[in-house]
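Undergrad: Sequence and predicted structure are below.
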Amino acid sequence: MDHFKIAVIDDEAIAGREIKRGLSAESYEVETFLNATSALHRLDQVSFDLFLCDLRLPDLSGMDVLRSVRTRCPQSEVIIMTGYSSIDSAIEAIRDGAFHYITKPVKMNELRLLVRRALDKVMLVREKEALKEALFSQNQPAKIIGNSKAIRDVFRMIEKVAPLDCTVLIQGESGTGKEMVARALHEQSPRKHQPFVSFNCGGFTEELIANELFGHEKGAFTGATEAKIGLLEAANKGTIFLDEISQMPISMQVKLLRFVEERSLLRLGGVKSLQVDIRLVAASNQDLKAMVKAQAFREDLYYRLNVVLISLPPLRERRDDIPLLIRHFLHKYRRAFGKAINGISADVLDILRQYPFPGNVRELENIIERAVALCDEHEISSRDLPSDLKTLSIRSFDDKTYVSLEDKEKQYIQEVLIKTNYQKGLAAEILGLPRTSLWRKMKRYGLT
Ligand SMILES: Nc1ncnc2c1ncn2[C@@H]1O[C@H](COP(=O)(O)OP(=O)(O)OP(=O)(O)O)[C@@H](O)[C@H]1O
Ligand SMILES: [Mg+2]
């Protein structure tokens, strides 16, 4: 992980090259810039751990660079280079957050020492951050991330119902975090030290589901050479999570209803029913109520499951959470892949802010995981995005600031009508419309 990138900003090309040569011997990666603007511009794609910056530059001053670095990459350090005549300003720079200054002409030994110390500090801060992360994530294996109103409502709901034994139905599009919520309900309940058993109802026949959930006695059917306990039995005292409940065959729903009502089960081929103590959580990415209407889901079971409903908002309806989620996944995969990546470029953020995320948080996570894997720099750039996302940057626009042509027409007609005090003849003339067309449009838009 200890790979350091240093920016040298000096308008004297020879001095810059000298420093680069001197430091490259230490296997730092050094980039030189002849002015501040080009260096700061470069920050859009990569980030540097350390800046060696001349105090006097042709465009901005070293102090400007310092301020910019402090806000844009607070974990980096700046060393100011200056002639003897302007040591006062250099000292001022330290007060403003520079690591130190060095006088020109630069003595290479002195510089190496100073750079080493600055990078030690950078590393220390990094390690402290990593430690903090590790500590925070210890007791929460999967933290649900978000700060939008929509997701905070979900948090509040979880907090409220988790300690109770009531059945919960979680609804939300694919990848919105239904399983995470189910686990959180279990983790925050008195059953947390008991089993959490998850079963996905999708794609199984009735027989298979029955066998999985209820288990069987020895000899219950050909091939049943041993007795097998079902998942419901395994979940006793804990929580059973029935995922994709909408996929459960109707015939199986009857059996499940009996279990939900009586909390008792019978193994296939068994004679004695077993009483169990189980908290039930179900999830669906379909609208179960609509399915009930369409007679694709049993109404009685629906009401048994829908004691408390937690609806998870799609990511496109809580875009405020996108930067937060990006940072979260960036940290996660940076650590997993052992890469020194410090952020994402502004255009990537723009793209992700606009993308509709049909696959919701899971899709965002996959995008970041892939980008971290591909990224060769310290910062993720649009190169690291899947190609269908990259094209978004070209035709990027904020769909909220644009309205339809009709809306625009309505607004404009209304504006002209108000300005002309509803003199339709005059308004029609201004708008370049026959009176009858204006009249029709007014009726259509409810402006009469
Ligand atoms: N709010 C969140 N914070 C952090 N990670 C999240 C969040 N929501 C979802 N994820 C991540 O997205 C992925 C999908 O989450 P999960 O499996 O809970 O979704 P789901 O709603 O069950 O999806 P599906 O309907 O496809 O089964 C997981 O890897 C999870 O870590
Ligand atoms: Mg799921």
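TA: Perfect, I can see it now. Just so we're clear, the structure is a prediction, and the values are computed from it rather than from any experiment. Ligands and ions are numbered 1, 2, ... in the order given.
Undergrad: Around ligand 2, pick out the residues from the stretch 51-200 of the chain.
TA: Contact residues, the stretch 51-200 of the chain versus ligand 2 (CB under 5 Å from the ion): 178-179. In short, each C-beta sits where N, CA and C put it, glycine included.
Undergrad: Show me where the stretch 1-150 of the chain dips below the pLDDT cut-off.
TA: 1-2, 44-46, 133, 136-141 (pLDDT under 70).
Undergrad: in it, which spans are helices?
TA: For the stretch 1-150 of the chain, applying DSSP state H, counting those that start in this stretch gives helices covering 13-24, 36-42, 62-72, 87-95, 108-138, 149-161.
Undergrad: so how far is the second one from its chain's centroid?
TA: So the one you mean is helix 36-42. Centroid displacement of helix 36-42 relative to its chain, using CA atoms, centre = their mean, to the nearest Å, is 29 Å.
Undergrad: Going by neighbour count, which residues in it are buried?
TA: 36-37, 39-40 (16 or more other CB atoms under 10 Å).
Undergrad: Looking at this structure, which residue is nearest ligand 1?
TA: As assessed by CB to the nearest ligand atom, ligand 1 sits closest to residue 177 within the chain, at 2.9 Å.
Undergrad: Next to ligand 2 in this structure, residues from the stretch 201-350 of the chain, please.
TA: Counting by CB under 5 Å from the ion, the stretch 201-350 of the chain has no residue next to ligand 2.
Undergrad: mind running it again at 6 Å?
TA: residue 243 (CB under 6 Å from the ion).
Undergrad: Quick check: the gap between residue 96 and residue 42.
TA: Distance, residue 96 to residue 42, by CB to CB, to the nearest Å: 22 Å.
Undergrad: Kindly apply the preceding question to residue 334 instead.
TA: In terms of CB to CB, residue 334 sits 21 Å off from residue 42.
Undergrad: now the helices of the stretch 1-150 of the chain in CSV, with distance to residue 441?
TA: Converted to CSV, these look like this (distance: least, CB to CB, whole Å):
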stretch, distance to residue 441
helix 13-24, 66
helix 36-42, 49
helix 62-72, 50
helix 87-95, 64
helix 108-138, 59
helix 149-161, 37
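Undergrad: Nearest to residue 442, out of the ones you listed?
TA: Evaluated over the helices of the stretch 1-150 of the chain, closeness to residue 442 peaks at helix 149-161, with 37.9 Å, by CB to CB.
Undergrad: for the following helix or strand past the closest one, packing partners?
TA: Per DSSP states H and E, helix 149-161 leads on to strand 168-172 as the next helix or strand towards the C-terminus. Judged by 3 or more CB pairs under 8 Å, 6 or more residues apart in numbering; DSSP states H and E, strand 168-172 is in contact with helix 178-187, strand 279-284, strand 308-312.
Undergrad: who's in contact with whichever residue of the chain sits closest to ligand 2?
TA: The minimum distance from the chain to ligand 2, using CB to the ion, falls at residue 179 (4.1 Å). Counting by CB atoms under 8 Å, 6 or more residues apart in numbering, residue 179 touches 198, 241, 243, 283.
Undergrad: Is there a quick PyMOL command that grabs whichever of the residues you listed are buried?
TA: Filtering the contacts of residue 179 down to the buried ones (16+ other CB under 10 Å) takes a single PyMOL command:
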select buried, resi 198+241+243+283
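Undergrad: Show me the contacts of residue 179 that map onto strands.
TA: 198, 241, 243, 283 (DSSP state E).
Undergrad: thought the last one was touching residue 246?
TA: Right, residue 283. No: with contact defined as CB atoms under 8 Å, residue 283 does not reach residue 246; the gap is 9.1 Å.
Undergrad: What's the local residue count around residue 290?
TA: 11 (other CB atoms under 10 Å).
Undergrad: do the same with the one 3 residues further on
TA: As a burial measure, residue 293 scores 11 neighbours (other CB under 10 Å).
Undergrad: and what of the one 3 residues further on?
TA: In terms of burial, residue 296 registers 12 neighbours under the definition other CB under 10 Å.
Undergrad: How about the contacts made by it?
TA: So residue 296 contacts 246, 250 (CB under 8 Å, 6+ apart).
Undergrad: Next: residue 280.
TA: Here residue 280 is in contact with 167-168, 239-240, 242, 260, 305 (criterion: CB under 8 Å, 6+ apart).
Undergrad: so which of those residues comes closest to residue 49?
TA: Top of the list for closeness to residue 49, among those and by CB to CB, is residue 239 at 46.4 Å.
Undergrad: want to throw the contacts of residue 280 into JSON lines with neighbour count, pLDDT and distance to residue 338?
TA: Converted to JSON lines, those look like this (neighbours: other CB atoms under 10 Å; pLDDT from 0 to 100; distance: CB to CB, whole Å):
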{"residue": "167", "neighbour count": "17", "pLDDT": "96", "distance to residue 338": "43"}
{"residue": "168", "neighbour count": "25", "pLDDT": "97", "distance to residue 338": "39"}
{"residue": "239", "neighbour count": "24", "pLDDT": "97", "distance to residue 338": "35"}
{"residue": "240", "neighbour count": "24", "pLDDT": "97", "distance to residue 338": "38"}
{"residue": "242", "neighbour count": "26", "pLDDT": "96", "distance to residue 338": "38"}
{"residue": "260", "neighbour count": "18", "pLDDT": "93", "distance to residue 338": "47"}
{"residue": "305", "neighbour count": "26", "pLDDT": "96", "distance to residue 338": "44"}
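Undergrad: Does residue 254 touch residue 298 like I think?
TA: Yes: look at residue 254 against residue 298 with CB under 8 Å: they come within range, at 7.2 Å.
Undergrad: Neighbour count for the two, which is higher?
TA: Under the criterion of other CB under 10 Å, the comparison of residue 254 against residue 298 puts residue 298 first, with 18 against 13.
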